[in-house]
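A.B. asks: coordinates only, sequence not included:
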Ligand code: HEM
């Protein structure tokens, strides 16, 4: 190939007209990055013989070819969908993704049920309608979840969360045994011990003024998760070590991050934090295996899993284990595999639960009428035994409190979108096929704020969930808070139980005020969503009502 070829290519193409440009670019760019293709076409051997001007012009021609080709490929993939009509060379919408904001996302969602963008030559299709978002989540033959680039480094490339297809279905079947009713009852008593300790801390906070509570809510969730997952196998200082370092994992999994693990980078720090967590989780697995082999009682999620494995192997009678689940559990899961599952649970739950809890407290402080109804229900269920342990039976009776949790998660869904990748052309709509290798993002905000299903969608109206014949209950497809399809949230019953139990107990033990600031209703997107001011609150003790007080009177106090 002579040095003139790239410029010749542009020259010839312009002579042959747009159709030829199209095919030239198409063949030059059908695989891999545009720039890479153009550079590959360059014969380096000729560089030695060429004069300076030829080299400069050739390089400029190459660059121009690559940049025009980039625009061409983008246009071709975009088709008639809404989105920028051209893409910023090389970086695309990178700047936007550095400072994500709900308003910017909303602009895209409201531009059409499917819209497009491009970041670093990754073509992105964003779905904003219930129909398209569900279609992506439920089409595993076309699309699979793809976490951000750094996720495999941080969570370990062989973590089960990266599985797909039948192996994923099988793995999940085994893990479902961790969220049975029996298992949830064990967890509830652990949870309650922890959140009551945190309530006591909030009450003894010497600051007389409201302060940002988001990180306090995060601490409550972190300690609860660690104790539910690992029981007392992790000593106090181990739990502190995991908790203090975990934030390094959160920040390394932001949408845009420097992907290489050089010392000092977020990914490097996150890997260090993961190693600390894995050390304690593997220790948990090892110790739990010993205790369960001795036939001791189940005290945490790891125990529940190991006990289920032992039962499956020994063919013990366990009514809750179906034959298929038994088949999956009959194998030795290594300490490392168990530790990676705990890591995945912590990763998947931590920020979403904190977002959910933060908004729950904020919403109710701002709506005393709703908080009063929660209290009335709690006094009715708990009677005079305000401080008595909360049981799963009690949680199941908390119809109104559960509706509040459901509605709060709808109004401010912790996870507003999940990135998927399609590994073959995906005919998502009659008029549009998502090209293979695109990032394809189902988003949940619009389905959860659809006024045809949720009239006054921006209002907190728990009552919409209490009418079995109402629009909300009759359109469960819109409720995408926990996703849908093969990768939907495995921890959703646990999450709902936790939020309901925390709110129910807090409502009778605590009073809280929320300092509303101009930032309270503004949304910060840090993978999950938070109020921009961090939810400024102040907690004070709530006196128990005199024995025999009617629930509605006690609630009004
Ligand atoms: C309010 C709290 C939570 C919210 C809003 C939430 C939301 C979600 C969403 C939207 C997904 C992706 C679903 C999809 O792709 O269709 C997901 C996946 C997942 N969640 Fe949650 N989640 C929460 C709590 C939890 C908890 C407490 C756990 C574990 C104990 C958990 C474990 C997981 C796991 C392991 C996955 C990946 C499942 C798979 O790939 O098969 N989540 N969650």
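C.D. replies: Right, received. Where do you want to start? The structure presented is a predicted model; accordingly, all values stated were derived computationally and were not measured. Numbering: from 1, shown residues only.
A.B. asks: in this protein, which spans are strands?
C.D. replies: 114-119, 122-127, 143-145, 211-212, 420-422, 426-429, 432-434, 439-442, 510-514, 523-526, 528-531, 536-541 (DSSP state E).
A.B. asks: how about the ones you listed in JSON lines, adding mean pLDDT and mean neighbour count?
C.D. replies: Heads up, the C-betas are built off the backbone N, CA and C, glycines and all. Putting these into JSON lines (pLDDT from 0 to 100; neighbours: other CB atoms under 10 Å) gives the following:
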{"stretch": "strand 114-119", "mean pLDDT": "90", "mean neighbour count": "22"}
{"stretch": "strand 122-127", "mean pLDDT": "92", "mean neighbour count": "23"}
{"stretch": "strand 143-145", "mean pLDDT": "92", "mean neighbour count": "22"}
{"stretch": "strand 211-212", "mean pLDDT": "98", "mean neighbour count": "16"}
{"stretch": "strand 420-422", "mean pLDDT": "92", "mean neighbour count": "22"}
{"stretch": "strand 426-429", "mean pLDDT": "96", "mean neighbour count": "18"}
{"stretch": "strand 432-434", "mean pLDDT": "96", "mean neighbour count": "20"}
{"stretch": "strand 439-442", "mean pLDDT": "95", "mean neighbour count": "24"}
{"stretch": "strand 510-514", "mean pLDDT": "97", "mean neighbour count": "16"}
{"stretch": "strand 523-526", "mean pLDDT": "89", "mean neighbour count": "17"}
{"stretch": "strand 528-531", "mean pLDDT": "94", "mean neighbour count": "23"}
{"stretch": "strand 536-541", "mean pLDDT": "98", "mean neighbour count": "17"}
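A.B. asks: quick one, which of these gets closest to the ligand.
C.D. replies: strand 143-145 (5.3 Å; CB to the nearest ligand atom).
A.B. asks: anything in the closest one near the ligand?
C.D. replies: Yes. Using CB under 6 Å from any ligand atom, strand 143-145 reaches the ligand at residue 145.
A.B. asks: which other helices and strands contact that strand?
C.D. replies: strand 420-422 (3 or more CB pairs under 8 Å, 6 or more residues apart in numbering; DSSP states H and E).
A.B. asks: excluding its backbone neighbours, what's nearest the one residue in the stretch 1-150 of the chain that gets nearest to the ligand?
C.D. replies: Residue nearest to the ligand within the stretch 1-150 of the chain (CB to the nearest ligand atom): residue 137, separated by 4.6 Å. Among residues not flanking residue 137 along the chain, residue 485 sits closest, at 4.0 Å (CB to CB, 6 or more residues apart in numbering).
A.B. asks: now do residue 91
C.D. replies: Of all residues beyond its chain neighbours, the one nearest residue 91 is residue 120 (6.2 Å), with distances taken as CB to CB, 6+ apart.
A.B. asks: likewise residue 386?
C.D. replies: residue 544 (4.7 Å).
A.B. asks: count the residues that sit near that neighbour.
C.D. replies: Residue 544 sits with 16 neighbouring residues when counted by other CB atoms under 10 Å.
A.B. asks: please apply the same query to residue 170.
C.D. replies: 14.
A.B. asks: distance of it from the ligand?
C.D. replies: Using CB to the nearest ligand atom, to the nearest Å, residue 170 is found at 11 Å from the ligand.
A.B. asks: contacting residues for the residue lying closest to that residue once chain neighbours are set aside?
C.D. replies: Nearest non-adjacent residue to residue 170, counting by CB to CB, 6+ apart: residue 328, 5.1 Å away. Going by CB atoms under 8 Å, 6 or more residues apart in numbering, residue 328 touches 170, 171, 173, 174.
A.B. asks: those in helices, which ones?
C.D. replies: If you go by DSSP state H, the contacts of residue 328 have 170, 171, 173, 174 in helices.
A.B. asks: possible to save those residues as CSV with pLDDT?
C.D. replies: Listed next are the ones in helices among the contacts of residue 328 as CSV, based on pLDDT from 0 to 100:
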residue, pLDDT
170, 89
171, 90
173, 88
174, 87
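A.B. asks: closest to the ligand among those residues?
C.D. replies: Of all the ones in helices among the contacts of residue 328, the one with the least separation from the ligand (CB to the nearest ligand atom) is residue 171, at 8.2 Å.
A.B. asks: neighbours around that closest one, how many?
C.D. replies: Neighbours of residue 171 (other CB under 10 Å): 16.
A.B. asks: now do residue 96
C.D. replies: Residue 96 sits with 17 neighbouring residues when counted by other CB under 10 Å.
A.B. asks: residues in contact with the closest residue in space to residue 531 that isn't next to it in sequence?
C.D. replies: What sits nearest to residue 531 in space, not counting adjacent residues and going by CB to CB, 6+ apart, is residue 520, at 5.3 Å. Residues in contact with residue 520 (CB under 8 Å, 6+ apart) are 362, 514, 531, 532, 533, 535, 536.
A.B. asks: how about the residue nearest to residue 189 when sequence neighbours are not counted, phi and psi?
C.D. replies: Leaving out its chain neighbours, the residue that sits closest to residue 189 by CB to CB, 6+ apart is residue 389, at 6.3 Å. The phi/psi pair for residue 389 (degrees, to the nearest 10) reads phi -60, psi 140.
A.B. asks: against residue 363, how distant is the residue nearest to residue 531?
C.D. replies: From residue 520 across to residue 363, the span is 11 Å (CB to CB, to the nearest Å).
A.B. asks: next, work out how far apart the closest residue to residue 198 other than its chain neighbours and residue 350 are.
C.D. replies: Spatial nearest neighbour of residue 198, excluding adjacent residues (CB to CB, 6+ apart): residue 220 at 4.2 Å. For residue 220, the distance to residue 350 equals 11 Å [CB to CB].
A.B. asks: now residue 400: closest residue in space, sequence neighbours ignored.
C.D. replies: For residue 400, ignoring the flanking residues on the chain, the nearest one in space by CB to CB, 6+ apart is residue 377 at 4.5 Å.
A.B. asks: quick one: name the residues of the chain near the ligand.
C.D. replies: 137, 145, 161, 172, 344-345, 348-349, 352-353, 356, 414-415, 418, 481-485, 487-491, 494-495.
A.B. asks: these, buried ones only, as a PyMOL selection?
C.D. replies: The command below creates a PyMOL selection of those among these that count as buried (16 or more other CB atoms under 10 Å):
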select buried, resi 137+145+161+172+344+345+348+349+352+353+356+414+415+418+481+482+483+484+487+489+490+491+494+495
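A.B. asks: among the residues of the chain next to the ligand, name the ones in helices.
C.D. replies: Per DSSP H, the subset of the residues of the chain next to the ligand in helices is 137, 172, 344, 345, 348, 349, 352, 353, 356, 494, 495.
A.B. asks: what sits closest to residue 138 if chain neighbours are left out?
C.D. replies: Closest residue to residue 138 apart from its sequence neighbours, by CB to CB, 6+ apart: residue 485 at 4.0 Å.
A.B. asks: mind listing what that neighbour touches?
C.D. replies: Listed by CB under 8 Å, 6+ apart, the contact set of residue 485 reads 134, 137, 138, 139, 140.
A.B. asks: of those, buried ones?
C.D. replies: Here, 16+ other CB under 10 Å leaves 134, 137, 138, 139, 140 buried among the contacts of residue 485.
A.B. asks: which one is the fourth one nearest to, not counting chain neighbours?
C.D. replies: If you skip the residues right next to it in sequence, residue 139 has residue 426 as its closest partner in space, 6.9 Å away by CB to CB, 6+ apart.
A.B. asks: next: the first one.
C.D. replies: What sits nearest to residue 134 in space, not counting adjacent residues and going by CB to CB, 6+ apart, is residue 484, at 5.5 Å.
A.B. asks: pretty sure that neighbour is touching residue 136, no?
C.D. replies: No. The pair residue 484 and residue 136 does not pass the contact test of CB atoms under 8 Å, sitting 9.3 Å apart.
A.B. asks: great, nothing more from me.
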